[in-house]
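Trainee: got a predicted model here, sequence first, then my questions.
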Amino acid sequence: HDEQHPAEPALQRPVRPAAGRTAATAAQHRRGEPLIKPRRTAAKLVYFLPQLCYTKIVFVFLPAAAGVTYMIEERRERIQAIMAQNDIGIDLGTTTIIIAQEGKGVVLNQPSVVAMDTRKNTVLEAGDKALAMVGRTPNYISAIFPLKDGVISDHTMTRELICRFVKQVYSSHMVKPRVAVCVPAAITGIESDAVVEAVVAAGARQVYLIDEPIAAALGSGIDITLPDGRMIIDIGGGTTDIAVLSLGGKVKATSVRVAGNHYDEEILKHVRNKYSIAIGQRTAEELKKHVACCPQKTDFHESMEIKGRSLLTGLPVRVTVSTDDLYEPVMMLSEQIGTAAHQVLEKTPPELAGDIYRNGVMLTGGGAQLHGLTEYLSQELKVEVTVSPDPVNCVALGTAQSLSIGDKLETGFTDATPRIGRR
């Protein structure tokens, strides 16, 4: 009989894993098991869960949309209030740099002078310590006043000054401050660009420029947003700014290069010519503060003993200078300020001129402290002239306040922050 042999298994075609499949997946395919991918399915569920949660959150909060808006606005105001604490106002004066913050008042008051070592080309001191070196330094140390007539004359030294003073006041590296800087009313575009570049180099986030008369009015407590004419005469160290203000803007304004430093120079020349004595700038400033006076103030008579070098013998000498001796240089410059103020009033509209007659003229700046100047200007302008409650610091205080009410100021307050494509 025939011997039976078991049937040979049919040749099976080897199953090659499809592209992207693993060996385990191919085995499942041969066994006919469904291809279940639990990991990918879980990933899809995780992918859709946030969408479901988002939809739920939307439906829950939609009925309280007004409350959410209020909470967002309240949080935004709180953040803005915190950021506003970093705002800085700078009075970039010819003789003094004053920095103020709203709510804190004046936080720094330093002379705008730099002592520089010319051998190493490095800055030794700035501010009070540098001012003490003026006239007493060896040949290789020079005292530099980088601001002249209210504008920057030495950009590098001005940037060094601002950087040092801002770091003394504001040392945070997390949030950069907004900075408002006051400038003369008649400043040119190139001069204002130099100011902005110096402040940005000091680390400012935003830079705003405000005219000195507007800042002086704000710092003196005058509400210039009302339809009421006000006249400000700001006598600084390098310039005198005169402006008529109303409704948050300038109506008429001018700037003259006659101010406190020019009084010092004229007094120095007068003493040199009359007494043949060479005196220093600081001695001339002391004479201006304590002895000089306009002749309209008849009850002021002072004298002061000064020391200097005789131009005849070359030896140290001392003389006594009285108020009567300084009438000539003081009146020569005071008349120029009075003429400029008179010209502004001539161009003022009649309604605003009536307001100024009723409100009077406000004197601000360090030069406003000159004895007899208010009496002289009252006589020339035929209106009452008063001095600001804080004539020295009012410009810096108003500059700091301007950042919170900038939207109400029509002219004289501009955002000068450099932007891409802007020079």
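Mentor: Now that the structure is in, tell me what you want to look at. Since the structure is predicted, the reported quantities are computational estimates derived from the model, not experimental observations.
Trainee: isn't Ser404 up against Gly103?
Mentor: No - the pair Ser404 / Gly103 is not scored as a contact, 9.8 Å apart, by CB atoms under 8 Å. No exception for glycine: its C-beta is placed from N, CA and C like everyone else's.
Trainee: and stretch 373-390, which residues are buried?
Mentor: 373-378, 380-381, 383, 385, 388, 390 (16 or more other CB atoms under 10 Å).
Trainee: what is the end-to-end distance of that stretch?
Mentor: Using CA to CA, to the nearest Å, the end-to-end distance of stretch 373-390 comes out at 16 Å.
Trainee: looking at it now, give me its mean pLDDT.
Mentor: Across stretch 373-390, pLDDT averages out at 94.
Trainee: show me the shaky parts of the chain.
Mentor: For the chain, the stretches with pLDDT under 70 are 1-85, 171-174, 186, 419-423.
Trainee: gap between Ala217 and Leu377?
Mentor: Look at Ala217 and Leu377: by CB to CB, to the nearest Å, they are 17 Å apart.
Trainee: er, Ser276 actually
Mentor: From Ser276 across to Leu377, the span is 34 Å (CB to CB).
Trainee: gap between stretch 378-388 and the chain center?
Mentor: Between the mean C-alpha location of stretch 378-388 and the chain-wide mean there is a distance of 30 Å, by CA atoms, centre = their mean, to the nearest Å.
Trainee: just to check, Ile162 is in contact with Ile90?
Mentor: Yes - proximity of Ile162 to Ile90 meets the contact threshold set by CB under 8 Å, at 7.3 Å.
Trainee: joint contacts of the two?
Mentor: Contact criterion CB atoms under 8 Å, 6 or more residues apart in numbering; residues shared by Ile162 and Ile90: 97, 199.
Trainee: verify the contact between Ile306 and Arg318 for me.
Mentor: Yes - using CB under 8 Å, Ile306 is in contact with Arg318, at 6.7 Å.
Trainee: for the helix or strand Ile97 falls within, packing partners?
Mentor: Counting by DSSP states H and E, the element that carries Ile97 is strand 96-101. The elements that strand 96-101 packs onto, with contact taken as 3 or more CB pairs under 8 Å, 6 or more residues apart in numbering; DSSP states H and E, are strand 88-92, strand 105-111, helix 155-169, helix 394-402.
Trainee: so which of the ones you listed comes closest to Ala130?
Mentor: Comparison of the helices and strands packed on strand 96-101 against Ala130 by CB to CB identifies strand 105-111 as nearest, at 7.1 Å.
Trainee: residues contacting Ile242?
Mentor: By CB under 8 Å, 6+ apart, Ile242 lies in contact with 185, 213, 231-234, 253-256, 340-341, 344.
Trainee: and Ser142, how far from Asp91?
Mentor: Ser142 is 25 Å from Asp91, by CB to CB.
Trainee: higher neighbour count, the two?
Mentor: Counted by other CB atoms under 10 Å, Ser142 and Asp91 do not tie: Asp91 has more neighbours, with 30 against 15.
Trainee: wait, that one sits on Ser402?
Mentor: No - the pair Asp91 / Ser402 is not scored as a contact, 11.7 Å apart, by CB under 8 Å.
Trainee: quick check: neighbours shared by these two?
Mentor: Going by CB under 8 Å, 6+ apart, residues that sit against Asp91 and also against Ser402 are Ala215.
Trainee: pull out the buried residues from stretch 281-294.
Mentor: 283-289, 291-294.
Trainee: just stretch 338-350 next, same as before
Mentor: Within stretch 338-350, the residues scored as buried using 16+ other CB under 10 Å are 338, 340-341, 344-345, 348.
Trainee: make CSV from the residues you listed and add distance to Asp193 and secondary structure to it.
Mentor: Shown next, in CSV, are those (distance: CB to CB, whole Å; DSSP: H, G, I helix; E, B strand; the rest coil):
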residue, distance to Asp193, secondary structure
Gly338, 33, helix
Ala340, 26, helix
Ala341, 30, helix
Val344, 27, helix
Leu345, 32, helix
Thr348, 31, coil
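Trainee: that's a strand at Leu245, yeah?
Mentor: Yes - Leu245: assigned to a strand according to DSSP: H, G, I helix; E, B strand; the rest coil.
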